[in-house]
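Please find the sequence and the predicted model below.
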Amino acid sequence: MAHYEFQGSTVPIVRFTQIGSTNAEGLARLQRGETVPVWLVADIQTAGRGRRGRLWTSELGNLFATLVLPNPGPAANLPQLCFVAGLALRDAVLSAAPQLASETLKLKWPNDLLLDGGKVAGILVEGGSDAAGKPAVVIGFGVNCLHHPEDLPYKATSLEANGAPTAPDRLLEALDLAMAVRLNQWNAGAGFQGIRSDWMRHALGMGDQVSVKIGTREVVGRFENIDARGAMMLRRRDGVAEIITAGDVSLHLPE
Ligand SMILES: O=C(O)CCCC[C@@H]1SC[C@@H]2NC(=O)N[C@@H]21
């Protein structure tokens, strides 16, 4: 059951006590003709979606929020929104939990937020189209405020576990403001250079030798850059540049 409310920002918030997935709901709303941005926020998701078709465990106490953007900008620039969202989420966590040291919060390509080396939040940007067939996106944020899964192949953590207990609503308020600021900076792609350099300043492994697993293949090289489409540029030891656009990438930094 949803109800509407406005919280000072121009973007309305639609709240659900329980829903399958706020991203799926956002894509459905776009198809039904949503024409203005809206936040969809749930206390619990029963079918929370992670990247690459994975389930995102969604228990009460964490933040599950999707920003629906009906007309975000030219289709070619939309992959850049991963970086806009990552930076905004990092800004928002620091604003809502100011006791955290800035350098402990890192962005991991393409769009995880790590806190002291553990994944504290994930972002899922999904492209869709509006009722007229124009490109649109939903940007889903899952933030481990209170809980984090223990049974993952990588380290996960929560704000609570790092001495920064934060209510999901407080974080949403900060995220709403931070997204507005970063979307303005991005300016439908015209401001991507600034977004890219801000993102790289906080990225894990930037300029370092990393090894990246893509399925069964492993590429080792220096993490040099991200390009305008958001691809990762690795310089292999033999001098060849590898452009990594997708896949199940996990970064391994030297110990
Ligand atoms: O795999 C990841 O790292 C991305 C996780 C994204 C989860 C969020 S929770 C809110 C929104 N609704 C979903 O179904 N998924 C995203």
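Nice, I can see it.

Tell me how far the top strand by length along the chain lies from the chain's centre.
Criterion DSSP state E: the longest strand present in the chain is strand 118-129. Distance of strand 118-129 from the chain centroid (Cα atoms, centre = their mean, to the nearest Å) equals 4 Å.

Name the residues of that strand that come out as buried.
Buried residues in strand 118-129, defined by neighbour count with 16 or more other Cβ atoms under 10 Å: Gly118, Lys119, Val120, Ala121, Gly122, Ile123, Leu124, Val125, Glu126, Gly128. To be clear about C-beta, it is placed using only N, CA and C from the backbone, and glycine gets the same treatment.

of the residues you listed, the lowest pLDDT goes to which?
Within the set of these, pLDDT is lowest for Gly128 (82).

Run through the residues that contact it.
Gly26, Leu27, Leu30, Gln31, Pro135, Ala136, Val137, Val138 (Cβ atoms under 8 Å, 6 or more residues apart in numbering).

Compute the number of surrounding residues for the fourth one.
Each residue near Gln31 was counted by other Cβ atoms under 10 Å, and the total is 13.

Now it: closest residue in space that isn't a chain neighbour?
Distances taken as Cβ to Cβ, 6 or more residues apart in numbering put Ala131 closest to Gln31, at 6.4 Å, once the chain neighbours are dropped.

quick one: the one you found from Arg29, how far?
Separation of Ala131 from Arg29 (Cβ to Cβ, to the nearest Å) stands at 10 Å.

For those two, indicate the residue with more neighbours.
Using other Cβ under 10 Å as the criterion, Ala131 and Arg29 rank with Arg29 on top: 21 against 14.

In a helix, the more buried one, correct?
Yes: counting by DSSP: H, G, I helix; E, B strand; the rest coil, Arg29 is part of a helix.

Looking at the buried residues of strand 118-129, spot the one nearest the ligand.
Closest approach between the buried residues of strand 118-129 and the ligand, by Cβ to the nearest ligand atom: Gly122, at 2.1 Å.

Name the nearest residue to the closest one, sequence neighbours excluded.
In space, Gly122 comes closest to Gly142 once its chain neighbours are excluded; the distance is 5.1 Å by Cβ to Cβ, 6+ apart.

so what's that neighbour scoring on pLDDT?
Value for Gly142, per-residue pLDDT: 98.

Equivalent analysis for Gly8, please.
pLDDT at Gly8 comes out at 46.
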